[in-house]
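Asker: No sequence on hand, only this structure:
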């Protein structure tokens, strides 16, 4: 039942995206054949609304994970790539920033469920490079991070 409701909502949302624009609405049953169009698909408890190219999520779109978490942003060849916002509604975590191949990469801000915040660079999904980790109690670690670990203050 949840999937049917989600599919209907996705269809309505997609129709609104295409209304009044020169964007082609995807057609056909098999999304793997869609290209250069906007459509929606619900599979295995997940859902996607947005642009397709060569059967893959490509361009701007919204992906909803099976646990309800969402990613709103840019896709490249089926992966989160470019600027996006990931929100985990269950845990309360949120990330705004750059992605490459589905991982945090480049500059971004991650708000942890416990109130901590990291602002800085990411590499392959981990804190890496210049950054600032601000704890809920206002203690700050500012400087270099490597493989998700704080190293030292910059001088």
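Answerer: Here it is on my side, so go on. All values derive from a computational prediction rather than experimental measurement.
Asker: alpha carbons only for contacts and neighbour counts from here, please
Answerer: Noted.
Asker: Domain-wise, how is the protein divided?
Answerer: Here the domain parsing of the chain from automatic domain parsing is 1-90, 99-155.
Asker: Using a markdown table, lay out those domains together with mean pLDDT and mean neighbour count.
Answerer: Listed next are the domains of the chain as a markdown table, based on pLDDT from 0 to 100; neighbours: other Cα atoms under 10 Å:
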| stretch | mean pLDDT | mean neighbour count |
| --- | --- | --- |
| domain 1-90 | 84 | 17 |
| domain 99-155 | 94 | 17 |
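Asker: Return the residues in contact with residue 96.
Answerer: By Cα atoms under 8 Å, 6 or more residues apart in numbering, the residues touching residue 96 are 83-86, 108-110.
Asker: Find the centremost residue of this protein, please.
Answerer: residue 71 (3.0 Å; Cα atoms, centre = their mean).
Asker: Give the bridge partners for that one, please.
Answerer: Beta-bridge pairing for residue 71 (DSSP bridges): residue 63, residue 86.
Asker: okay, now residue 93: neighbour count?
Answerer: Using other Cα atoms under 10 Å, the number of residues around residue 93 comes to 18.
Asker: What of residue 92?
Answerer: With other Cα under 10 Å as criterion, residue 92 counts 13.
Asker: OK, contacts around it?
Answerer: 112-113.
Asker: same deal with residue 73?
Answerer: 60-62, 80, 82-85.
Asker: Turn those into JSON lines, columns for secondary structure and distance to residue 50.
Answerer: Output for these, formatted as JSON lines (DSSP: H, G, I helix; E, B strand; the rest coil; distance: Cα to Cα, whole Å):
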{"residue": "60", "secondary structure": "strand", "distance to residue 50": "6"}
{"residue": "61", "secondary structure": "strand", "distance to residue 50": "4"}
{"residue": "62", "secondary structure": "strand", "distance to residue 50": "6"}
{"residue": "80", "secondary structure": "strand", "distance to residue 50": "12"}
{"residue": "82", "secondary structure": "strand", "distance to residue 50": "15"}
{"residue": "83", "secondary structure": "strand", "distance to residue 50": "15"}
{"residue": "84", "secondary structure": "strand", "distance to residue 50": "13"}
{"residue": "85", "secondary structure": "strand", "distance to residue 50": "15"}
